[in-house]
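Student: only geometry, no sequence info:
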């Protein structure tokens, strides 16, 4: 928090302690972790000095009052000697913060929740943070005008986090470079459901409220966490090799969405053939009413779809993200094409295999057609944060993959895309990692023209 006048030191100290409601500092000797990780498009996102390994979120939400009560228990490891560290949290009121069971000093400045622990944290030390908070969670507007964060729906709420919306409903190290496992427990009025990532481990009703506990055992970036609260028809089936498939559909959309939802096992089986073993312990989908969200999103294990954007191609796209984006996650938002180019190319491949255009014909139509927006900027260098989800990232990103396929042939190409998913499973990677991987897998080929003209070059390349 800021102050507009200088205070006598003793008075300033007492006032700071009173405002944060915490005990005296135990004496720290490290340095602050730092706010932001210098992402090229979202410089305030994420924080330095630590890595999170697990989030245990306990939420209680009442749609009628729009009030959220939360407790976040965060397990992290210090990557340097720390005297203080930041968490990302937009809005909501912080009630208390403890570090390793001791009350900590804290203050707020914009989206930064700065925490000063009672005792210093040593490099390599694993420590626990507990943040209790409450309030009406915000809907955030992205640079491109889309909405994320906590979205009100007709009968509840929907939490969507790409790129930075997770901070609207829980404190976190809000950057894709820091992945963690999750337990998400949500209590809502009896009669409503709360659906999240991973597997439902328990459900119990008491005193007119129902609590749903979800566990996500594989690492997940914060932007891929979701909570969907409302009335849902829940269906449990199995996919390839007994993979659990859980779908949650708004009852008003159940009939219209049933035919596409039934394709999930077949799509997963096809994608495993092309991309390698499915990386998570369950799959499925959440289908909400038209307009509840302005877009579909690849939330981990259980993508979210507004019903007016739910078709086979979009389902193929969002499920392909489970490999490319969710399991292999970009190190920064500059690397979005590694998500969207791959998922778009999955759509091309699916059409090729099921009676539609070949991927090469789709490539040629885009290259020769009147699609000037595709050439606005190179896929690996979006022009600003407002454009990381524009067509060059999706379509021209997919065109890069088709150029690689042209260069190396099908056998090596599928070795590349399957090997890429396996080599970086549950990790993060950037464009330089990918180009190096491709060159390693096909050392006899020269990719300089593809990287120069298609991946990083401005405008339409001279030759398709």
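Tutor: Sure, I can see it. Nothing here was measured: the structure is a model prediction, and the numbers come from that model.
Student: When you work out contacts or count neighbours from here on, use the C-alpha atoms and nothing else.
Tutor: Fine.
Student: Check which residues of the helix ranked longest in the chain are buried.
Tutor: If you go by DSSP state H, the chain has its longest helix at helix 337-353. Using 16 or more other C-alpha atoms under 10 Å as the test for burial, helix 337-353 gives 337-352.
Student: Next secondary structure element downstream of that helix?
Tutor: Next helix or strand after helix 337-353 toward the C-terminus (DSSP states H and E): helix 359-368.
Student: Next, the angle helix 359-368 makes with the longest helix of the chain.
Tutor: 120 degrees (axes from the mean of the first three to the mean of the last three C-alpha atoms, to 10 degrees).
Student: Now do helix 337-353: everything it contacts.
Tutor: 313-314, 316-318, 320-321, 324-325, 329-330, 357-359, 362, 379-380, 393-402, 430-431 (C-alpha atoms under 8 Å, 6 or more residues apart in numbering).
Student: one more time with 6 Å, if that's ok
Tutor: 313, 317, 320-321, 324-325, 358-359, 379, 393-394, 397-398 (C-alpha atoms under 6 Å, 6 or more residues apart in numbering).
Student: These: which two are farthest apart?
Tutor: Distance extremes for the contacts of helix 337-353: the farthest pair is 325 and 358 at 24.2 Å, using C-alpha to C-alpha.
Student: so where do the helices sit in this structure?
Tutor: 9-20, 254-261, 264-275, 312-320, 337-353, 359-368, 391, 397-408, 410-423, 431-441, 448-449.
Student: Am I right that residue 147 is in contact with residue 159?
Tutor: No - shown here, residue 147 and residue 159 do not form a contact pair, counting by C-alpha atoms under 6 Å, at 10.5 Å.
Student: Between those two, which is the more surrounded one?
Tutor: residue 159 (27 against 19; other C-alpha atoms under 10 Å).
Student: Residue 425: how many residues sit nearby?
Tutor: 18.
Student: What confidence value was assigned to residue 27?
Tutor: Residue 27 carries a pLDDT value of 48.
Student: Enumerate the beta-bridge partners assigned to residue 59.
Tutor: Counting by DSSP bridges, residue 59 forms beta bridges with residue 70, residue 186.
Student: mind listing what it touches?
Tutor: 69, 70, 186.
Student: Any regions of the stretch 1-150 of the chain where pLDDT drops low?
Tutor: Counting by pLDDT under 70, the stretch 1-150 of the chain shows low-confidence ranges at 1-28.
Student: Show me the contact partners of stretch 371-390.
Tutor: 41, 143-144, 337, 391-393, 397, 455-460.
Student: Now, these that are in strands?
Tutor: Judged by DSSP state E, strands contain none of these.
Student: In CSV, list those residues along with distance to residue 261.
Tutor: Output for the contacts of stretch 371-390, formatted as CSV (distance: C-alpha to C-alpha, whole Å):
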residue, distance to residue 261
41, 35
143, 32
144, 30
337, 27
391, 26
392, 29
393, 27
397, 27
455, 34
456, 37
457, 39
458, 40
459, 39
460, 38
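Student: which one of those residues has the most neighbours?
Tutor: Result: residue 337 is most packed of the contacts of stretch 371-390 (other C-alpha under 10 Å), 34 neighbours.
Student: Give me the nearest residue to it, chain neighbours excluded.
Tutor: residue 393 (4.9 Å; C-alpha to C-alpha, 6 or more residues apart in numbering).
Student: circling back: could you flag which of the contacts of residue 59 are buried?
Tutor: 69, 70, 186.
Student: who are the neighbours in contact with the first one?
Tutor: For residue 69, the residues meeting the contact criterion (C-alpha under 6 Å, 6+ apart) are 59, 60, 134.
Student: Kindly recompute the last result at 7 Å.
Tutor: Residues in contact with residue 69 (C-alpha atoms under 7 Å, 6 or more residues apart in numbering) are 59, 60, 61, 133, 134, 135.
Student: Throw the residues you listed into JSON lines and include distance to residue 446, thanks.
Tutor: Shown next, in JSON lines, are the contacts of residue 69 (distance: C-alpha to C-alpha, whole Å):
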{"residue": "59", "distance to residue 446": "53"}
{"residue": "60", "distance to residue 446": "56"}
{"residue": "61", "distance to residue 446": "56"}
{"residue": "133", "distance to residue 446": "55"}
{"residue": "134", "distance to residue 446": "56"}
{"residue": "135", "distance to residue 446": "56"}
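Student: Check these and tell me the two furthest apart.
Tutor: 61 and 133 (12.3 Å).
Student: Relative to residue 257, how far out is the nearest residue to residue 299 once chain neighbours are set aside?
Tutor: Closest residue to residue 299 in three dimensions, ignoring its sequence neighbours and counting by C-alpha to C-alpha, 6+ apart: residue 224, at 4.4 Å. Applying C-alpha to C-alpha, to the nearest Å, the value for residue 224 to residue 257 is 23 Å.
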